[in-house]
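1. Sequence unavailable; structure follows:
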């Protein structure tokens, strides 16, 4: 799975449950509704003023540690 601005929040969480820790770290800890989970990562970051590139890097670091 490639993490990009176009991936949905739900897809990230479904494939990498520990990604919730990254979302929490960036203040994106209220992503519980179905509607939130359907939103694209880039949209969520834009709406909440969170730096997308930093979130993607943190998610990639998290994913790599989950795969090992």
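-> Received, thanks. Note that the structure is predicted; figures quoted are calculated from it, not measured.
2. Quick check: mean pLDDT of the top helix by length along the chain?
-> Ranked by number of residues, the top helix in the chain under DSSP state H is helix 52-67. Mean per-residue pLDDT for helix 52-67: 84.
3. What of stretch 15-27?
-> 90.
4. does the spatially closest residue to residue 48 that is not a sequence neighbour sit in a helix, a strand or a coil?
-> Among residues not flanking residue 48 along the chain, residue 28 sits closest, at 6.5 Å (Cβ to Cβ, 6 or more residues apart in numbering). (Each C-beta comes from the backbone N, C-alpha and C, glycine too.) Applying DSSP: H, G, I helix; E, B strand; the rest coil to residue 28 yields a three-state assignment of coil.
5. is it true that residue 28 touches residue 47?
-> No - counting by Cβ atoms under 8 Å, residue 28 does not reach residue 47; the two are 10.0 Å apart.
6. Pick out whichever of those two has more residues nearby.
-> Legend: neighbour count by other Cβ atoms under 10 Å for residue 28 and residue 47, higher for residue 28 (19 against 10).
7. Return the residues in contact with the more buried one.
-> Shown in contact with residue 28 (Cβ atoms under 8 Å, 6 or more residues apart in numbering): 44-45, 48, 50, 55.
8. What residues sit buried inside stretch 22-33?
-> Neighbour counts over stretch 22-33 (16 or more other Cβ atoms under 10 Å) mark 22-23, 26, 28, 31 as buried.
9. for stretch 2-22, same thing?
-> Result for stretch 2-22 [16+ other Cβ under 10 Å]: buried residues 3, 7-9, 11-12, 16, 19-20, 22.
10. Equivalent analysis for stretch 49-68, please.
-> Quick answer for stretch 49-68 (16+ other Cβ under 10 Å): 52, 55-56, 58-59, 62-63.
11. and those residues as CSV, adding distance to residue 39?
-> Shown next, in CSV, are the buried residues of stretch 49-68 (distance: Cβ to Cβ, whole Å):
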residue, distance to residue 39
52, 13
55, 13
56, 15
58, 18
59, 15
62, 19
63, 19
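12. List the residues that contact the residue lying closest to residue 7 once chain neighbours are set aside.
-> Leaving aside its sequence neighbours, residue 7 sits nearest to residue 41 (Cβ to Cβ, 6+ apart; 5.4 Å). Neighbouring residues of residue 41 by Cβ under 8 Å, 6+ apart: 3-9, 12, 52, 55-56.
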